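Chemist: let's see this in three dimensions:
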Amino acid sequence: MTMTDPIADMLTRLRNASAAKHTTVDMPYSKFKANIAQILKREGYIADFSAKEAKVGQTLEVTLKYGPNGERSIQGIKRISKPGLRRYAKSDSLPMPLGGLGIAIISTSSGLLTQKECLDKGIGGEIVAFVW
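Modeler: Numbering: from 1, shown residues only. Below you'll find the model as predicted:
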């Protein structure tokens, strides 16, 4: 079966694993997914990620992060731009999830960036996802 939206699959795997309090979650590897994981690690939503060899291709293993009392670091994660309906934002109208408490992951000509980095650089792009 072919997958039409591998990014939505990644976000759903992260959401489900976080809700079930798993320590790690595996998914098929791609550079785009690795860049999303790098942003999530830099912003403190996940503990770590690594690419591992599989029988066919590679697997991306993400280690989830929890607080001292077991609170989830990822409270919510939502795909915004979908294959059937792409969402774009200019540099002067970038979204601020939860009034700036969350992050928006934006695909730009300079690579994947958060909305704060896009504001600093003055560029817009495709809104991939919101994380809070």
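
Chemist: okay, domains of the protein per the record?
Modeler: 6-64, 77-131 (the TED database).

Chemist: compare these and give me the one nearest E71.
Modeler: The closest of the domains of the chain to E71 is domain 6-64. By Cβ to Cβ, the value is 10.3 Å. Just so you know, the C-beta spots here come from the backbone N, C-alpha and C atoms, and that holds for glycine as well.

Chemist: for S93, see how far away the residue most central in space within the chain is.
Modeler: In the chain, the centroid-proximal residue (Cα atoms, centre = their mean) is I36; its distance is 4.4 Å. From I36 over to S93 the distance is 22 Å, taken as Cβ to Cβ, to the nearest Å.

Chemist: what's the burial count for P83?
Modeler: 9 (other Cβ atoms under 10 Å).

Chemist: which residues touch the residue nearest to the centre of the chain?
Modeler: Shown in contact with I36 (Cβ atoms under 8 Å, 6 or more residues apart in numbering): I7, M10, I105, L112, V128, A129.

Chemist: beta partners of I77?
Modeler: Beta-bridge pairing of I77 under DSSP bridges involves V131.

Chemist: wait, it sits on A129?
Modeler: Yes. Using Cβ atoms under 8 Å, I77 and A129 qualify as a contacting pair, with a distance of 6.3 Å.

Chemist: picking up where we left off before, tell me the secondary structure of the residue nearest to the centre of the chain, please.
Modeler: Under the three-state scheme (DSSP: H, G, I helix; E, B strand; the rest coil), I36 adopts helix.

Chemist: from P28, how far out is the residue of the chain positioned farthest from its centre?
Modeler: In the chain, the greatest distance from the average C-alpha position (Cα atoms, centre = their mean) is reached by K55, at 25.3 Å. Noted for K55: a distance of 12 Å to P28, by Cβ to Cβ.

Chemist: also A51?
Modeler: Counting by Cβ to Cβ - A51 and P28 are separated by 11 Å.

Chemist: find residues that contact each of those two.
Modeler: Taking Cβ under 8 Å, 6+ apart as the criterion, A51 and P28 both touch Q58, T59, L60.

Chemist: quick one: I46 and V62 touch, right?
Modeler: Yes. Taking contacts as Cβ under 8 Å, I46 lies within contact range of V62: 5.6 Å.
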